[in-house]
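Chemist: Sequence plus predicted model, see below.
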Amino acid sequence: MNWETVIGLEVHVQLATKTKIFSGASTAFGAAPNTQACAIDLAMPGTLPVVNQQAIDYAIMFGLAIDAEISKTSVFERKNYFYPDLPKGYQTTQLEKPIVGRGTVAVQLADGSSQSVRIHHAHLEEDAGKSLHEGNFRHGMSGIDLNRAGTPLIEIVSEPDMRNSQEAVAFAKKLHSIVTSLGICDGEMSQGSMRFDVNISVRPQGTTELGTRTETKNLNSFKFMEEAIHLEVERQIDLIEDGGTVLQETRLYNGETRTARSMRSKEEANDYRYFPCPDLLPVVLSDQRIETLRSNLPELPDARQARFIEQYQLSPYDANILGADTSMAGYFEQATAKSGNAKLTANWVTGELSARLNADNLSPDNSPVSAEQLAALIVRIADSTISGKMAKEVFEGIWAGEGDADQIIEARGLKQVSDSGALEAMVDEVLAANQSMVEDYINTDPDKRKKKLGGFMGQIMKASKGQANPQQVSQILAQKLSEML
């Protein structure tokens, strides 16, 4: 039987406010455990929450960016459940009247096609603390760090519009691009700034009734999301085809072992006993506030990509890669302004630079090669001081901290030989020393002679210790050989 996969996402986005959603405690990442949880975060007797205006504005900005409905009145509610890292015994969230209503997100897929994913809603809520199961906390013990408790979130809930892992990852990447472009989230998934809960079910191809779904929680990388979806789809199909039944449950995925396990059953809906939070008034928004935020929205990914195509004459592919990430876009534009060569800069940013950043798990903002340093390298490629092969060696030197492009070129003696007289002498010398290759070239079918040029080029580049300008050598070589025919 052919099966169709149905996927919906719930995306938790930590908002980049300096303080928490209901208190003045810091949201800075990396502090010592339990040093940034104040009395309000812990719901100590006599404390009252106060809503962070910045968190509300950030939620509205997201809604405007996806052309969603903005609720003029939204209400905070208490979601009651007991878990060690939930100090209040409830989570302050939104259910019946979320701040952001229905919207859509346009997604570009790898094959060039596009897809619209519907957003059911996005609501504000506070994050829980964090349970620790590493280091000293093993063998059945858990540590609790409440620094994260009270950090503002928007939870973005999609409709089940995705049909495979590629679509789900593309959608997640687009959300990441939107929230980082807006500046409402730093996008650092390794720090928990974005976390994905993936709802997955399968059904026979051609049917419309949804199958029983499972929820794989707290995925914090696109790679893990893709792997978890593949694994769960395969598990569900195998289970059904073997005569079993998919149980509605919450699952966890381990990216290190690439395995998943059941966390808890959800066969019956949990009764969270939601009720309006008695300590918080409804959030009432004015038209003026919404329009002020709309008029001050920064450039969004789709607009930036279109501008890159028009302004820099980039291909849609390059514009999509460079325009999707705010820091990558900024790096590219800084480097292009200095190099004056948008296409070559785009090639290096999407190629060599991106490969090294990904390998070392770095962002462009933390690149050992600054935009100015890359631009200086590109200038030396463009003016034929160095070849593309030499440029990679220079790039490695800059990355290692050996200095700027000119310093490394000078120190390593990498300057390209472009003097036509010197190059002609090299070509003559190689041709004279390889008469059998010359005769073979002359006697070869004209349509096949081009393949023979590689042997000559190799000899010439070897003689020049890789420093001869390959374009000039190729032209001189072709001319010399044509004169011998």
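Modeler: Happy to help now that I have it.
Chemist: quick one: A329 is in a strand?
Modeler: No: membership of A329 in a strand is not supported by DSSP: H, G, I helix; E, B strand; the rest coil, which gives helix.
Chemist: and it, what does it touch?
Modeler: If a contact means C-beta atoms under 8 Å, 6 or more residues apart in numbering, then A329 has R304, F308, L322, G323 as its contacts. The way it works is simple: take the backbone N, C-alpha and C, and place the C-beta from them, glycine included.
Chemist: Next, give me the two most distant ones among those residues.
Modeler: Using C-beta to C-beta, these reach their maximum pairwise distance at R304 and L322, which is 8.5 Å.
Chemist: quick one on the thing from earlier: just the contacts of A329: which are in helices?
Modeler: Judged by DSSP state H, the subset of those located in helices is R304, F308, L322, G323.
Chemist: Contacts only, for the second one.
Modeler: Residues counted as contacts of F308 (C-beta under 8 Å, 6+ apart) are L314, D318, A319, L322, G323, A329.
Chemist: any idea how far the second one lies from S420?
Modeler: Distance check for D318 against S420: by C-beta to C-beta, to the nearest Å, it reads 34 Å.
Chemist: Compare the two (neighbour count), which wins?
Modeler: Summary of the neighbour comparison: D318 and S420, criterion other C-beta atoms under 10 Å, with D318 having more neighbours (21 against 12).
Chemist: And the more buried one, which helix or strand is it part of?
Modeler: When secondary structure is defined by DSSP states H and E, D318 falls within helix 316-324.
Chemist: So for the residue positioned nearest the centre of the chain, what pLDDT did the model give?
Modeler: Most central residue of the chain, judged by C-alpha distance to the mean C-alpha position with C-alpha atoms, centre = their mean, is K173 at 5.5 Å. On the pLDDT scale, K173 is placed at 96.
Chemist: give me phi/psi at the spatially closest residue to it that is not a sequence neighbour?
Modeler: Taking C-beta to C-beta, 6 or more residues apart in numbering as the measure, K173 lies nearest to F222, with 6.3 Å between them; neighbours along the chain are not counted. F222 has phi and psi values of phi -60, psi -40 when expressed as degrees, to the nearest 10.
Chemist: ok, back up a step: how about the CA coordinates for the helix holding D318, as PDB?
Modeler: Coordinates of each C-alpha in helix 316-324 appear next as PDB, following Å, rounded to 0.1, in the frame of the first residue of the first chain:
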ATOM      1  CA  PRO A 316      17.300  33.100  -7.400                       C
ATOM      2  CA  TYR A 317      19.300  30.200  -5.800                       C
ATOM      3  CA  ASP A 318      22.000  32.500  -4.400                       C
ATOM      4  CA  ALA A 319      19.500  35.100  -3.300                       C
ATOM      5  CA  ASN A 320      17.500  32.500  -1.500                       C
ATOM      6  CA  ILE A 321      20.500  31.200   0.500                       C
ATOM      7  CA  LEU A 322      22.000  34.700   1.200                       C
ATOM      8  CA  GLY A 323      18.700  36.400   1.900                       C
ATOM      9  CA  ALA A 324      17.200  33.800   4.200                       C
END
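Chemist: The residue nearest to the centre of the chain falls within a helix, correct?
Modeler: Yes: assigned with three-state DSSP, K173 falls within a helix.
Chemist: Touching, it and A324? I think so.
Modeler: Yes: using C-beta atoms under 8 Å, K173 is in contact with A324, at 6.9 Å.
Chemist: that older thread, closest one to Y58 out of the contacts of F308, please.
Modeler: Compare each of the contacts of F308 with Y58 using C-beta to C-beta and the shortest gap goes to A329, at 20.5 Å.
Chemist: For the closest one, give me the pLDDT.
Modeler: At A329 the predicted local confidence, pLDDT, stands at 96.
Chemist: I'd like to know how many residues surround the residue lying closest to G401 once chain neighbours are set aside.
Modeler: Of all residues beyond its chain neighbours, the one nearest G401 is P368 (6.7 Å), with distances taken as C-beta to C-beta, 6+ apart. Counted by other C-beta under 10 Å, the residues lying close to P368 total 13.
Chemist: what separates stretch 253-264 from the chain centre, distance-wise?
Modeler: Centre-to-centre, stretch 253-264 and its host chain are 22 Å apart (C-alpha atoms, centre = their mean, to the nearest Å).
Chemist: ok, and for it, which residues are buried?
Modeler: For stretch 253-264, a neighbour-count test (16 or more other C-beta atoms under 10 Å) marks Y253, A260 as buried.
Chemist: Quick one: end-to-end length of it, please.
Modeler: Across stretch 253-264, the straight-line distance between its terminal residues is 13 Å, by C-alpha to C-alpha, to the nearest Å.
Chemist: quick check: domain ranges of this structure?
Modeler: Structurally, the chain divides into domains by automatic domain parsing as follows: 3-292, 299-411, 420-484.
Chemist: start to end distance for the second one?
Modeler: Pointing back at domain 299-411 there. Using C-alpha to C-alpha, the gap from the first to the last residue of domain 299-411 comes to 42 Å.
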